[in-house]
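**Q** Dropping the sequence and predicted coords here.
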Amino acid sequence: MKKNLILLLSALCLIGSFQVSTLAKGETMKEKVFYNQTYNNVKIAGELYKPENFDVNKKYPAIVVVHPAGGVKEQVAGLYAKKLSERGFVTLAYDAAYQGESGGEPHFLERPSSRVEDVRSSVDYLTTLPFVDKDNIGVLGICAGGGYAFNAAETEMRIKAVATVSAFDLGRARRQGLNDSMTIEQQHQKLKDAAGQRTKEVNGGEIKYNGYVPNSLEEIPENAPPMYRQGYEYYRTDLAKHPRSENKYIFSNYAEQAAFTAFDRPEFVSPRPVLFIVGENAESAYFSKEAYDEALEPKEYVVIPNATHIEMYYKPEYVNQAVEKLSEFYGKNLKGNK
């Protein structure tokens, strides 16, 4: 009797293991994961997506998905990660160090060097998974995440294909404003303000936070581009608002942000393939177009008709077009046996 019970329990355990390692047709699986920023020992919180019919004994191409500045993994990064997993890829969306559910103090620090290291560390993590093809890892960055993803790919040779959606160079925008609209005097004043705030904080003053987007309709300038209103609608209303996306960054770190250049050596990614996807009506499209012009082959520049920068985050008619192109791009350039 005891022997039969042990055999029954063993069989049940084997059935349970099989169910975990294999997904039925039409199903994708999302798993909460934690790993460290490799050299800084900051805990990164991520969500790992596995495709339908997932088999732990196979090797899958994988994609790191990098969220916008101020965003979290549950927003646009998670949406694209999920949709690409439905196309047969293992995907990883994560919260940047010092943001969202990830560790790091002080929180709400938007630090470009750390953001780039997040990408490298996410690649590190994927290489430890037995079902990931270590030679077929790509990266996708959205908005400022596109700038960070591309910057990492310039020197991170384990990234075999890089794509961006609504790419944004946060450093250039901090230095020069959207569409390079700030005068040199305005740039200097902003840096002086940040320097003064940093001095206050190291001498015991309170931390000052700035927002990425307006917190209310009243904060939107009368002649502001649509990106301002749509940013507010996406991040600060029920459209995509998330409790861990609090719309603030530490202002005293402004100078480090301004010193960053996302697309400093676009030609250095070649011969690895690059893909830039932009909305036809995106105010930010010039970041992608200039990087595309400087990049070497193989390269692609895709314009989604009628879409704006923010609408590429969530509108099905635009997201689905982008995912179709991304799936084709990664399917061609990341092999594996998915």
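**A** Ah, there it is.
**Q** Tell me how many other residues crowd the nearest residue to Pro226 once chain neighbours are set aside.
**A** Nearest residue to Pro226, sequence neighbours excluded (C-beta to C-beta, 6 or more residues apart in numbering): Thr308, at 5.8 Å. Bear in mind the C-beta positions are built from the backbone N, C-alpha and C, glycine included. Thr308 has 23 neighbours, counted by other C-beta atoms under 10 Å.
**Q** Tell me who's in contact with the residue positioned nearest the centre of the chain.
**A** Taking C-alpha atoms, centre = their mean, the centroid of the chain lies closest to Val66, which sits 1.2 Å from it. Shown in contact with Val66 (C-beta atoms under 8 Å, 6 or more residues apart in numbering): 77, 115, 118-119, 139-142, 145-146, 148-149.
**Q** Closest to Lys332 out of these?
**A** Comparing those against Lys332 with C-beta to C-beta places Leu140 closest, at 14.6 Å.
**Q** List the residues that contact that closest one.
**A** Per C-beta under 8 Å, 6+ apart, neighbours of Leu140: 63-66, 80, 84, 149, 162-165, 326.
**Q** Now list the buried members of those.
**A** Among these, the ones that count as buried by 16 or more other C-beta atoms under 10 Å are 63-66, 80, 84, 149, 162-165, 326.
**Q** returning to what we had before: please state the backbone phi and psi of the residue nearest to the centre of the chain?
**A** Main-chain torsions, Val66, degrees, to the nearest 10: phi -110, psi 120.
**Q** So it versus Arg120, what's the distance?
**A** From Val66 over to Arg120 the distance is 11 Å, taken as C-beta to C-beta, to the nearest Å.
**Q** Then Ser252?
**A** For Ser252, the distance to Arg120 (C-beta to C-beta) stands at 26 Å.
**Q** Which one's more surrounded, the two?
**A** Ser252 (24 against 19).
**Q** and stretch 139-146, how far apart are its ends?
**A** One end of stretch 139-146 to the other measures 9 Å (C-alpha to C-alpha, to the nearest Å).
**Q** ok, the lengthiest strand in the chain: who's next to it in the sheet?
**A** With secondary structure taken from DSSP state E, the chain has its longest strand at strand 132-142. Here strand 132-142 has these sheet partners by DSSP bridges: strand 60-66 (parallel), strand 159-165 (parallel).
**Q** Would you indicate which residues of that strand are buried?
**A** By neighbour count with 16+ other C-beta under 10 Å, strand 132-142 contains the buried residues 132-133, 136-142.
**Q** would you list those residues in a markdown table and tack on distance to Leu334?
**A** Putting the buried residues of strand 132-142 into a markdown table (distance: C-beta to C-beta, whole Å) gives the following:
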| residue | distance to Leu334 |
| --- | --- |
| Val132 | 11 |
| Asp133 | 8 |
| Asn136 | 4 |
| Ile137 | 7 |
| Gly138 | 5 |
| Val139 | 11 |
| Leu140 | 11 |
| Gly141 | 16 |
| Ile142 | 18 |
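**Q** Specify which member of those is nearest to Pro225.
**A** Set against Pro225, the nearest of the buried residues of strand 132-142 by C-beta to C-beta is Ile142 (18.5 Å).
**Q** what's the closest non-adjacent residue to the closest one?
**A** Leaving aside its sequence neighbours, Ile142 sits nearest to Val165 (C-beta to C-beta, 6+ apart; 4.8 Å).
**Q** With Arg175 instead?
**A** Nearest non-adjacent residue to Arg175, counting by C-beta to C-beta, 6+ apart: Ala258, 4.6 Å away.
**Q** burial measure for that neighbour, as a count.
**A** Ala258 has 20 nearby residues by other C-beta under 10 Å.
**Q** Pretty sure it sits against Leu191.
**A** Yes - under the criterion of C-beta atoms under 8 Å, Ala258 makes contact with Leu191 at 6.6 Å.
**Q** buried ones in the helix or strand containing Glu117?
**A** Counting by DSSP states H and E, the element that carries Glu117 is helix 112-127. Neighbour counts over helix 112-127 (16+ other C-beta under 10 Å) mark 112, 114-126 as buried.
**Q** do you know how far the nearest residue to Tyr148 once chain neighbours are set aside is from Asn247?
**A** Excluding the flanking residues, the one nearest Tyr148 by C-beta to C-beta, 6+ apart is Arg115, at 4.4 Å. Applying C-beta to C-beta, the value for Arg115 to Asn247 is 17 Å.
**Q** Repeat that for Val132.
**A** 34 Å.
**Q** tell me, how many neighbours does Leu296 end up with?
**A** By other C-beta under 10 Å, 13 other residues sit near Leu296.
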